[in-house]
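Chemist: Sequence first, predicted coordinates after that:
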Amino acid sequence: MKGPTAMLPLDKVTLPFEKDLRAERLRLVETLDGLSDEEFESGTTLCAGWAPRDVLGHVISTDYLGGYLEHGPGLDAANQALVDRTRRLSRDRLMEWARRWAARPSVTSRLGAMIMFGDVSVHHQDVLRGLGRERAVPDAVGRAIFREGAQLSLWLNQRVLRHRLVPTDGGRPFALPGAGKAEARGTREALGMWLAGRDAVAGELDFA
């Protein structure tokens with residue numbers, strides 16, 4: 001990069017996908033603000049064993065890589081330990097933290113905004129779907145969930161290796177080289193959630 005822009009500090013630059021990341025974080029905070037105390041504290045989500053407050057605790061924790069380094073290489077164990085830590089906070093304190101997290105992502109999250117955007121979009125749907133709620137999924141969010149699901153599926157369940165994926169709400173069919181002949185059709189949001197291991201959405205997909 002040449003010229004004056006190259007000298008701008010990172011906090012003066014808007015990075016790719018950063019606006020989308022901030023917008024989806026704010027939408028998640030708005031969703032959580034609208035929950036009753038019972039829903040917030042003990043409502044069902046698509047993340048097994050986690051209430052909406054736990055999902056929020058998890059996505060906030062992704063801004064702090066030091067917390068993961070502290071708990072070693074086991075990602076699931078680290079996720080749970082960090083969620084357990086946020087359970088000590090009252091709803092008001094956690095939501096206050098969430099509003100700062102949404103408006104001011106960490107440097108690491110901004111640098112990895114494409115990945116973090118997909119992650120928070122999937123978890124927002126975990127909360128909504130778990131509570132039986134719906135929203136009009138923004139186009140950028142649908143694409144992010146589909147992208148995130150495909151990436152997670154590579155190591156989580158290999159569904160992306162066995163299926164040709166056909167979005168019914170825009171976008172081209174997608175298949176990795178050597179993918180099986182099975183086909184899955186549905187919205188990008190539903191396909192992405194299914195690829196990410198959310199089996200509850202399988203009934204919304206058409207399989208050939």
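Modeler: All right, it came through fine. Numbers count the residues shown, from 1 in each chain.

Chemist: Just want the most central residue of this structure.
Modeler: Per C-alpha atoms, centre = their mean, the C-alpha nearest to the average position across the chain is that of Asp119, at 2.3 Å.

Chemist: Tell me the spacing between Ala150 and Val201.
Modeler: Ala150 is 15 Å from Val201, where distance means C-beta to C-beta, to the nearest Å. For the C-beta atoms, the positions are set from N, CA and C on the backbone; glycine is no exception.

Chemist: again, but for Leu131
Modeler: 14 Å.

Chemist: ditto for Ala190
Modeler: 5 Å.

Chemist: can you check Gln158 too?
Modeler: Counting by C-beta to C-beta, the gap from Gln158 to Val201 is 18 Å.

Chemist: Scan the helices and strands of this protein for the one with the lowest mean pLDDT.
Modeler: Lowest by mean pLDDT, DSSP states H and E among the helices and strands of the chain is helix 65-70, with a mean of 64.

Chemist: which residues of the protein score low on pLDDT?
Modeler: 1-9, 66-74 (pLDDT under 70).

Chemist: one step back: now whichever helix or strand comes after the least confident helix or strand of the chain, how far from the chain's geometric center?
Modeler: Elements were assigned by DSSP states H and E; along the chain past helix 65-70, the next helix or strand is helix 75-86. Relative to its chain's centre, helix 75-86 lies at 16 Å (C-alpha atoms, centre = their mean, to the nearest Å).

Chemist: Alright, that wraps it up for me.
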